[in-house]
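> Below are the sequence and a predicted model; questions follow.
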Amino acid sequence: MRHLRYVALAAALTAAILFPFYSGLYLRQVAIIILIYMGLALSWDMLLRSGQLSFGISGFFGLGAYAAVLLQLNTGTPPLVTILFGGVVAFVVAFLLGIAVLRLRGMYFAIVTLALSTIFMVVAKNLPSLTGGVAGKMLPSVVFGGDSVKTYWLALGVALLTVLASELFQRTRVFYALTSIRDNELVAKSSGVDVFRYLVLAFAVTSALQGLIGGTYAQIYGFVAPEETFSFTFLLLPMAMALLGGVYSTEGPVLGALLLGALGEYLKLHLPYGHRLVYGVIVVIVMLGMPRGIVGAVRTLAWRVGRKGGGR
Amino acid sequence: MPALSCKKRIWAFAIALLAVAAVIAVCKPYVLIQGLQRGGLYALIALPMALILGVVGIVNLAHGEFMMLGAYFAYWMSVSTGIDPLVAMIPTFAAFLIVGALTYYGTIKPVLKAPELNQLLVTFGLAMALTELANLLWTSRPRKLPLPYAYSSATIGHVTFGTFGFAYLAGALVLLLLLLWFLRHTRSGQAALAVGQNPRGAALVGIDVNRTYLLVFSLSVALVGAIGALFLVGHSIFPGVGSPYTLKSFCIIATAGVGNLPGILWASVGLGTAEALVSSFRGYGGWADLVFFALLIVVIMVRSYRKRVT
C-alpha cells in the first residue's frame, strides 16, 4: 500500500515535469495559471490549519509582485533573483505585522488581514514616483522571453516548493502545534506549546510563499497594477479551491486547484462576465454541505466502509 | 472603573471633540459639512450591521452587497414604474425582508453552531457571489437616476454646499432612535437584547432564540436594502459599490465597541470628518481610504492590549 503510494506520487511528478512535451501552448498557459493558484490555495490552507482565517492572501501576493518588479526596474537584478526578493519582502513584512496582529483571533484577525491588503493597495496607488500609481509598472520583457516551457517549469517549481513546505508543516512538530492551537488554544498553551511563536512562524512562512508566488506571477506576465495585482480574484479563487478540495491537508488544495482551475478555464470561455460567481457559490455550498471538502468526504467514506468490512 | 470617572472621561472626550470640530469649522468649513454628510451615510449603513453583530453574533461580510442589491432593486422599480427612489424605499424594505429571511434560512442558520471561521467564510462567499451575480445580470456599467433634488444646494456666508447629504445624517439619527426604541420598549426588541447578551439564558427563560435571530437578520437586511434605495439618490451604482462599506461599517463598529449603538454615530462622524480632512489636501486625496483601515487596526490593537477582544 505504501509502495503503491510512492509509485503513484513519482508517476504524477514525472507527468507534471514532462507535461510541456505533450501539450500545446494553450494547455501550458492554463497549467501555469492553475499552478499559481495551487500555491496560493495551499499557502492559505497552511495558516488555516492553526485556526486563523486570513483574508490577506491577495495583499502579500501583490506585495511580492511589486517588490519583484520594482527591484528589477530600479537595479536591473535578474528576474529569478527578484522573485526570491518578493518572497523575502513578504516574509519580513508579515513577520513584523504578525507580531502585532497575531494577538487577535477570529473575526478580528480575519478582518484586519482584509484591511491590510486594502492598505497595501492604497499605498501602491498613491506613491506614483515609486510604484507607477494607478497605471502600475511594466517590465521591459517577461521572464525567459516568454518561453512557455521554461515558464511552466518555473511555475511548477514554485508550486512544488509550496507543496514541500506544506508537507513539512504536516510531518514535523509544527503539525501538532498548529492542530492543537486550532482545536483548543488554552489546552495547547497549557501543554507547553508556544502559541504566539508558532502563529507568527506560520503567518510569516505562508505570506513569504504568497509573496514568492506574486513575484513569479509578475515576472510571467510582466506588469503590476494596483487593481489587477491586488485583485480579490487572488483571494477568492484560492479559497474556493482549498475549500472544495478539502482543508487541513496537502492533497485537498492541490486537488481543488486542479478541478476548479480546469472548470474555471471552461467557464471563462462560456461565461465571460461574472464567471467568478461560481467560486463564491462554491465557497458557500462547501461550507454548508461538506466543510472538509472532497478529501474529507472521501476519507469519511473510506473510514465507514473500512469499519463495516473489518468490524466484528 | 467607577461610574463617575467614566462619565467625566466621556465629557472630557466630548469637549475635546467639539473643540476639534470648531477648529475645523473655522479653517475648513467644507470638511465639517462633508464629514457630517459622509459620517451620516456611514452610520446609516453600519447600524444594521451592528444589530446583527450584537444580537446574532456574526459578522455579515455580505452587508454592503445587500445594500448594492437594494439600490439595484430600487433602480429597477424607479425605471419601470417611474416612482421616486425615496418612495421605492418602502417596497424595497418589504422585498428585502423576504430576501433576509431566505438568506437566514439558507446560509446563516446552518452555520450558527459552526466555528466562527465557517461563518466568516460563508458570508464572505455570499458577498463574492452577490457581487458577481450583479455583474452577470447588469454588467459593470454604472447607473444613475437623474434627480434634480439630489443636487440642491444652500449658501451660508461664502460657503455653498450640497444639502441632500444631510438626509443621510437625518436618516441615521432617525434609524438610531428607532432601533433604540425597538430594543428597549418592544417585546421582540427586549428579547433580541437578551439573546444578544446570552442566547442560552434567553432560551431558558422561554425566548424563541431562533425566531429572534430570524427577525433581527431579516430586519437588518431589509433596512440596509432600503438604505440602498436612499443611496441611489445621490450616487451612481455598480456591482462593486457596496463592498467598501462592509469593511468601513465593521471598522466603525469596532471603534464604537460592539453593542454600543449611539457610539456608532459618533464614530461615523469622526471618521467621516477625518476622511474629508485628508481628501481636502490637494494631491493627497487618494490617501483618504487609508484613514479607515489605519484607524481600524489601531483601535483593534489598542483594545486587544488593554483587554482581549474576543
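Alright, I've got the coordinates. On a predicted model such as this, the values are computed, not experimentally measured, just so you know.
> how about the helices in the stretch 51-200 of chain B?
Using DSSP state H, counting those that start in this stretch, the helices of the stretch 51-200 of chain B run over residues B:63-81, B:85-103, B:116-138, B:165-185, B:187-197, B:199-204.
> other SSEs contacting the third one?
Read it as helix B:116-138. When contacts are defined as 3 or more Cβ pairs under 8 Å, 6 or more residues apart in numbering or on different chains; DSSP states H and E, helix B:116-138 sits against helix A:106-126, helix A:233-245, helix A:277-289, helix B:63-81, helix B:243-256. In short, each C-beta sits where N, CA and C put it, glycine included.
> Off-centre distance for it?
18 Å (Cα atoms, centre = their mean, to the nearest Å).
> Tell me which residues of it come out buried.
Of the residues in helix B:116-138, B:116-136, B:138 count as buried by neighbour count, 16 or more other Cβ atoms under 10 Å in any protein chain shown.
> for stretch B:15-30, same thing?
In stretch B:15-30, counting by 16+ other Cβ under 10 Å, buried: B:21, B:24, B:28.
> Model confidence at the first one, what's the number?
Same thing as B:Ala21. pLDDT recorded at B:Ala21 is 77.
> Kindly confirm my reading that it is in a strand.
No. With DSSP: H, G, I helix; E, B strand; the rest coil as the criterion, B:Ala21 is assigned helix and is not in a strand.
> just to revisit the earlier point, looking at the helices of the stretch 51-200 of chain B, spot the one closest to A:Ile83.
helix B:116-138 (28.7 Å; Cβ to Cβ).
> Convert the C-alpha atoms of that closest one to PDB, please.
Coordinates of each C-alpha in helix B:116-138 appear next as PDB, following Å, rounded to 0.1, in the frame of the first residue of the first chain:
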ATOM      1  CA  GLU B 116     -16.600  31.300  13.700                       C
ATOM      2  CA  LEU B 117     -14.300  30.600  10.800                       C
ATOM      3  CA  ASN B 118     -17.100  28.800   8.900                       C
ATOM      4  CA  GLN B 119     -19.500  31.700   9.500                       C
ATOM      5  CA  LEU B 120     -17.000  34.200   8.100                       C
ATOM      6  CA  LEU B 121     -16.300  32.100   5.100                       C
ATOM      7  CA  VAL B 122     -20.000  31.600   4.300                       C
ATOM      8  CA  THR B 123     -20.800  35.400   4.400                       C
ATOM      9  CA  PHE B 124     -17.600  36.200   2.500                       C
ATOM     10  CA  GLY B 125     -18.500  33.600  -0.200                       C
ATOM     11  CA  LEU B 126     -22.000  35.100  -0.200                       C
ATOM     12  CA  ALA B 127     -20.600  38.600  -0.700                       C
ATOM     13  CA  MET B 128     -18.500  37.500  -3.700                       C
ATOM     14  CA  ALA B 129     -21.400  35.500  -5.200                       C
ATOM     15  CA  LEU B 130     -23.700  38.500  -4.900                       C
ATOM     16  CA  THR B 131     -21.300  40.900  -6.500                       C
ATOM     17  CA  GLU B 132     -20.700  38.600  -9.300                       C
ATOM     18  CA  LEU B 133     -24.400  37.900  -9.700                       C
ATOM     19  CA  ALA B 134     -24.900  41.600 -10.100                       C
ATOM     20  CA  ASN B 135     -22.100  41.700 -12.600                       C
ATOM     21  CA  LEU B 136     -23.700  38.900 -14.600                       C
ATOM     22  CA  LEU B 137     -27.200  40.400 -14.600                       C
ATOM     23  CA  TRP B 138     -26.500  44.100 -15.000                       C
END
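> taking the mean pLDDT, what do you get for that helix?
Here the average pLDDT along helix B:116-138 is 91.
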